[in-house]
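S.K.: Sequence below, structure please.
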Amino acid sequence: MVTGLYFELNAICIFILIISIWRIVKKEFSRKTHKLLILTLSMYVMVTICDSLWALLDGNIIPSSRSINYAVNIAYFIFTSLSVYFWFLYCTSIQKSALYKRKFLIFIMSVPALFLIICSLFTPVTGWIFSIDSTGAYQRGSLYIIQVIVTLCYMFTASLISWISVFNKKQVLYRSIYVTCGFFFIFAMVSVILQLKFPGYPVNSIGFTLPVLILVLKISDFEIDVDDLTLLYNRNWLYKNYKKIETLFNSSTITLTNPTYLIFMDIDHLDDLNRTYGRETGNQVLLQITDILNEVSSEFESRSSIIPIRYGGDEFMLICSLESAKDIASLINLIKVKVRKLSDTKINGFVFSLSFGYTEINFENSNIIDDIAAADLDMYREKKNKRYKNNKQFTF
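M.R.: Here you go, the predicted structure:
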């Protein structure tokens, strides 16, 4: 009865993990961004399969021998080591940790996992991690606790990096994902302790699968709010979070007294470019403008928080918390300077610019429709004041 329950619970976990992998793989943005998560989940599917096979062997449900027992358990420990190491790599990569950019440090961090893999491979001779006696009974080895400690250390380090990112102003937009990653260690620690206490139940599998499910759901929610082309937040995110933006800024290092502005902008004559040269050329412009907005957001990070948004079509927004109103002019001017430099290269002979408008947001009486309308009206005033040189070139 216990073996059947053990197998059923593991089967449910495997099903959830496979569905989670499928949800990530089916969308190109997820597939590119979360490659290491896919690898982590794939390794843990193998861990859970090995754990299920062990339960069937231990319960004499399928034919068993010492060699088969050793093979299944060795595979279990190898895949466990790989899964926690890849999880560590995933957390450092998704949070753009400096650690992930240094190959030497990544290699150093791989040493504990490599050590455990070697110990597992040699355990039939040494009995370091586990042993199988003549009756086929499983016994923990003298280094088994090291395997537990190393596993928890990988999980703890990954969670620590995640929590640091939660309180990093530059990472404010991704907090929900980082918080979920940060809680993995708590799930892992509790599940490992319970697994040691109740070895006859698949506590580890459940303890890993539940936070994975939460994380994948968070990623799915996040991607609904992201523009597929530019990977900026979209209109859907803006409408859902407009009232929360002040909280996002205030929970970062920005002071509570900083005014917040909505800057509205669009690309002049992008429709002409699309009609003449096609949408692929227009997409090149959109991606280059996106790069400029991301660069500007980074350059202003010491004095402000900036959230770039693709509102739709050729329209972009910046939600900014600035130290003073003068910074608005500086910010817009910086974007214009970068666009001028970009225009020097031209795209199919097309020189382009942006038109800007802005309004200050009063969060106590804020209405997103009115704020966008005010910024949009201000932008069209600038458009009317421009003198175009010709149909494709114009001055600022």
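
S.K.: Provide a list of residue ranges in the chain with pLDDT below threshold.
M.R.: For the chain, applying pLDDT under 70 flags the ranges 1, 168-173, 246-257, 300-304, 343-351, 386-396.

S.K.: Look up phi and psi at V226.
M.R.: Dihedral angles of V226 (phi, psi; degrees, to the nearest 10) stand at phi -110, psi 140.

S.K.: do the one 3 residues further on as well
M.R.: L229 has phi and psi values of phi -80, psi -50 when expressed as degrees, to the nearest 10.

S.K.: Number of residues surrounding it?
M.R.: Residues within reach of L229, counting by other CB atoms under 10 Å, total 13. Where you see a C-beta, it was placed from the backbone N, CA and C, and this is true even at glycine.

S.K.: Please enumerate the helices of the stretch 201-350 of the chain.
M.R.: Taking DSSP state H, counting those that start in this stretch, the helices of the stretch 201-350 of the chain run over residues 203-224, 235-241, 245-250, 270-277, 279-299, 326-345.

S.K.: so how far is the host helix or strand of A75 off the chain centroid?
M.R.: Using DSSP states H and E, A75 maps to helix 66-94. Mean-position distance between helix 66-94 and its chain equals 22 Å (CA atoms, centre = their mean, to the nearest Å).

S.K.: list the helices and strands it packs on?
M.R.: With contacts taken as 3 or more CB pairs under 8 Å, 6 or more residues apart in numbering; DSSP states H and E, helix 66-94 sits against helix 35-58, helix 103-126, strand 130-132, helix 144-166, helix 175-182.

S.K.: Mind checking what helix or strand follows the third one in sequence?
M.R.: Per DSSP H and E, the first helix or strand lying C-terminal to strand 130-132 is strand 138-140.

S.K.: what does that following strand contact?
M.R.: Residues from elsewhere that reach strand 138-140, judged by CB atoms under 8 Å, 6 or more residues apart in numbering: W54, D58, N69, N73, G127, I129, F130, S131, I132, D133.

S.K.: biggest separation within those residues, which pair?
M.R.: Using CB to CB, the contacts of strand 138-140 span at most 18.1 Å, a distance reached by D58 and G127.

S.K.: From start to finish, how long is stretch 193-201 in a straight line?
M.R.: Distance across stretch 193-201, first residue to last, is 12 Å (CA to CA, to the nearest Å).

S.K.: hmm, who's touching that stretch?
M.R.: Outside stretch 193-201, the residues touching it (CB under 8 Å, 6+ apart) are V2, L5, Y6, L9, V148, V203, N204, G207.

S.K.: Closest one to L322 out of these, please.
M.R.: The nearest member of the contacts of stretch 193-201 to L322, counting by CB to CB, is G207 at 44.5 Å.

S.K.: What's the local residue count around the closest one?
M.R.: Neighbours around G207, by other CB under 10 Å: 21.

S.K.: shouldn't it be in contact with F185?
M.R.: No. Counting by CB atoms under 8 Å, G207 stays clear of F185, with 10.9 Å between them.

S.K.: who's in contact with I319?
M.R.: I319 touches L238, I245, T260, Y261, L262, I263, I306, I307, I309, I361, counting by CB under 8 Å, 6+ apart.

S.K.: Which of those sits closest to S353?
M.R.: So of these, ranked by how close each gets to S353 (CB to CB), first place is I263, at 15.1 Å.

S.K.: what's near enough to touch the closest one?
M.R.: With CB under 8 Å, 6+ apart, I263 has these contacts: M317, L318, I319, C320, I328, L331, I332, F356, G357, Y358, A375.

S.K.: Including distance to T33, could those residues go into CSV?
M.R.: Formatted as CSV, the contacts of I263 follow (distance: CB to CB, whole Å):
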residue, distance to T33
M317, 23
L318, 23
I319, 23
C320, 26
I328, 32
L331, 28
I332, 31
F356, 31
G357, 33
Y358, 31
A375, 31
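
S.K.: what's the angle from the strand or helix carrying L194 to helix 144-166?
M.R.: Assigned by DSSP H and E, L194 belongs to helix 184-197. Angle between the axes of helix 184-197 and helix 144-166 is 160 degrees (criterion: axes from the mean of the first three to the mean of the last three CA atoms, to 10 degrees).

S.K.: so helix 184-197 versus helix 66-94, what angle?
M.R.: Using the same axes, to 10 degrees, helix 184-197 lies at 160 degrees relative to helix 66-94.

S.K.: Name the residues of helix 184-197 that come out as buried.
M.R.: F184, F185, F187, A188, M189, S191, V192, Q195 (16 or more other CB atoms under 10 Å).

S.K.: measure the fifth one to S353 for me?
M.R.: Taken as CB to CB, to the nearest Å, the spacing of M189 relative to S353 amounts to 55 Å.

S.K.: again, but for L322
M.R.: Relative to S353, and taking CB to CB, L322 is found at 23 Å.

S.K.: Same question for I24.
M.R.: Taking CB to CB, one finds I24 at 39 Å from S353.

S.K.: now swap in V148 and tell me
M.R.: In terms of CB to CB, V148 sits 60 Å off from S353.

S.K.: Please name the residues that touch F130.
M.R.: N73, F77, T123, Y138, Q139, R140, G141, Y144.

S.K.: and if you look at M317?
M.R.: Here M317 is in contact with L238, L262, I263, F264, M265, P308, I309, R310, Y311, A375 (criterion: CB under 8 Å, 6+ apart).

S.K.: mind running it again at 7 Å?
M.R.: Taking CB atoms under 7 Å, 6 or more residues apart in numbering as the contact definition, M317 lies against L262, I263, F264, I309, Y311.

S.K.: Can you spell out which residues form a bridge with it?
M.R.: For M317, the beta-bridge partners are F264, I309 (DSSP bridges).

S.K.: from here on, count from 43
M.R.: From this message on, residue numbering opens at 43, which makes the last subject M359.

S.K.: From L304, how far out is it?
M.R.: 6 Å.

S.K.: Equivalent analysis for T82, please.
M.R.: Taken as CB to CB, the span from T82 to L304 is 39 Å.

S.K.: A367 now?
M.R.: Distance from A367 to L304, by CB to CB: 13 Å.

S.K.: So for those two, which residue has more residues nearby?
M.R.: L304 (24 against 11).
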